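Asker: Using only what follows, build the 3D model:
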Amino acid sequence: MQLSKAHTFLLLTFLVAMWGVNWPLSKYALEFATPLLFAGLRITIGGFILLLFALPRYKYINLKDTWHIYLISALLNIILFFGFQTFGLNMMPAGLFSTIVFMQPVLLGIGAWLWLGESMNGFKIVGLILGFIGVAVISITDGSSNISILGILLGLASTITWTFGTIYMKKTSTKVDAIWLTTLQMIFGGIVLLVAGTTVENWTDIIWNQQFISTLSIIAVFCTALTWLVFFLLVRSGEAGKIGSFNFLVPLIAIVISVFFLGETITTKMVVGLVLIILGIGLVNLKMKSLQKHSNMHRG
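Answerer: Model (predicted):
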């Protein structure tokens, strides 16, 4: 199905906006819930919503031959990615943390060059260098309570697992149905996170008030399930490559919302680091837009 330019723009705007608001919303939700149980709830709910759209495609599931792909993808893209992400987000400002995680396009460019045979170029190299310098600047300790070295490491771990998960999905994309892969990895990964959370956390620690329930619902429905449906609609229409060029906006949206609605502060050192990271992401995506229009995959 070919989308009009207006429809493509609207879908991309929705996708990037939801990825951006996801970070401050998740940060807010963690005031009422423990990390693993929250991550498990949002992913499991999102997975079962996607199941409604996957069931009509039951002929494409092929679990007998591809079950291992679903499991490995769930481990990388859900269990480790959201596990690291949720714990790290609890330790750092949402806008700053999202910027570190969204260095993923930079690392993906390197990984795609090493393992997928995609081209390496000056834009990617400069982007990688700027990105890592930015993280180094942010990591310099000055007694600021806003910066957690462990949080930065968890952000980088989240980025690395997302990178390997995306590369693995690319390498196996011809063997599995994309919607079934996303649905099952969410359901399986979400249940694993819930079991882990039940083991080491307490359900009684969750404050089931209106604020938490409404925030969890928005995150699960809009920032998880619907963003993936929009992503696949763009993929099918041949517009997936444009997502990469919009990725640098996600941390900016997260930062603006976090500053105005969560009262987070930005120091000079953080601004310098953020600018370097966002420039790095922008340079990588600038080239990826033209070179990888039909093959690039990213998510929030």
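
Asker: So which helix or strand of this protein has the lowest pLDDT on average?
Answerer: helix 241-246 (a mean of 62; mean pLDDT, DSSP states H and E).

Asker: how close does the closest residue to Ile206 other than its chain neighbours get to Gly197?
Answerer: Closest residue to Ile206 apart from its sequence neighbours, by CB to CB, 6 or more residues apart in numbering: Ala33 at 4.6 Å. Placement of C-beta: from N, CA and C, glycine included. Distance, Ala33 to Gly197, by CB to CB, to the nearest Å: 9 Å.

Asker: ditto for Gln211
Answerer: 20 Å.

Asker: Comparing those two, which shows the higher neighbour count?
Answerer: Between Gln211 and Gly197, counted using other CB atoms under 10 Å, Gly197 has the larger neighbour count: 23 against 13.

Asker: backbone phi and psi for Leu262, please?
Answerer: Leu262 adopts backbone torsions of phi -110, psi 0, taken as degrees, to the nearest 10.

Asker: ok, it - contacts?
Answerer: 24, 27-28, 93-94 (CB atoms under 8 Å, 6 or more residues apart in numbering).

Asker: can you tell me which of these are in helices?
Answerer: 24, 27-28, 94 (DSSP state H).

Asker: Please name whichever of these scores lowest on pLDDT.
Answerer: Among the ones in helices among the contacts of Leu262, Ala94 carries the weakest pLDDT, at 85.

Asker: and that one, how many neighbours does it have?
Answerer: Residues near Ala94, counting by other CB under 10 Å, number 26.

Asker: And Ser258, how far from Pro56?
Answerer: 39 Å.

Asker: Phe84 touches Gly151, doesn't it?
Answerer: No. If you go by CB atoms under 8 Å, Phe84 and Gly151 don't touch, sitting 10.2 Å apart.

Asker: just for the stretch 101-250 of the chain, where's the confidence low?
Answerer: 105, 109, 112, 116-120, 139-147, 235-236, 238-245, 247-248 (pLDDT under 70).

Asker: Give me the more crowded residue out of Ser258 and Pro56.
Answerer: Taking neighbours as other CB under 10 Å, Ser258 and Pro56 compare with Ser258 leading, 25 against 9.

Asker: and that one, what element?
Answerer: helix 249-261 (DSSP states H and E).

Asker: same thing with Gly189?
Answerer: Using DSSP H and E, Gly189 falls in helix 178-200.

Asker: Spit out the contact partners of Gly46.
Answerer: Gly46 touches 186, 190, 220-221, 224-225, 228, counting by CB under 8 Å, 6+ apart.

Asker: sorry, back to before: next, the buried residues of the helix or strand just after the helix holding Gly189.
Answerer: The element immediately downstream of helix 178-200 (helix or strand, assigned by DSSP H and E) is helix 210-218. Neighbour counts over helix 210-218 (16 or more other CB atoms under 10 Å) mark 212, 215-216, 218 as buried.

Asker: Tell me which helix or strand comes right after helix 210-218.
Answerer: Downstream of helix 210-218, the next assigned helix or strand under DSSP H and E is helix 227-236.

Asker: quick one: Ala220 from Leu156, how far?
Answerer: 26 Å.

Asker: Do me a favour and get the end-to-end distance for stretch 168-183?
Answerer: Taking CA to CA, to the nearest Å, stretch 168-183 runs 16 Å from one end to the other.

Asker: how far out from the middle of the chain is that stretch?
Answerer: 17 Å (CA atoms, centre = their mean, to the nearest Å).

Asker: what does it rub up against?
Answerer: Against stretch 168-183 from outside (CB under 8 Å, 6+ apart): 47, 50-51, 53-54, 57, 60-62, 65-66, 69-70, 72-73, 76-77, 112, 115-116, 228, 232, 235, 295, 297.

Asker: And for stretch 71-85?
Answerer: Contacts for stretch 71-85 (CB under 8 Å, 6+ apart): 35-36, 39, 43, 101, 154-155, 157-158, 161-162, 164-166, 168-169, 172, 181, 184-186, 188-190, 192-193, 196.

Asker: What's the PyMOL line that selects buried ones from those residues?
Answerer: Listed next is the PyMOL selection for buried residues among these, using 16+ other CB under 10 Å:
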select buried, resi 35+36+39+43+101+154+155+157+158+161+162+164+165+166+168+169+172+181+184+185+186+188+189+190+192+193+196
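
Asker: Could you list which residues are in contact with the nearest residue to Leu233 once chain neighbours are set aside?
Answerer: Closest residue in space to Leu233, ignoring its immediate chain neighbours: Leu11 at 6.5 Å, by CB to CB, 6+ apart. With contacts taken as CB under 8 Å, 6+ apart, Leu11 has the following neighbours: 3, 230, 233-234, 239.
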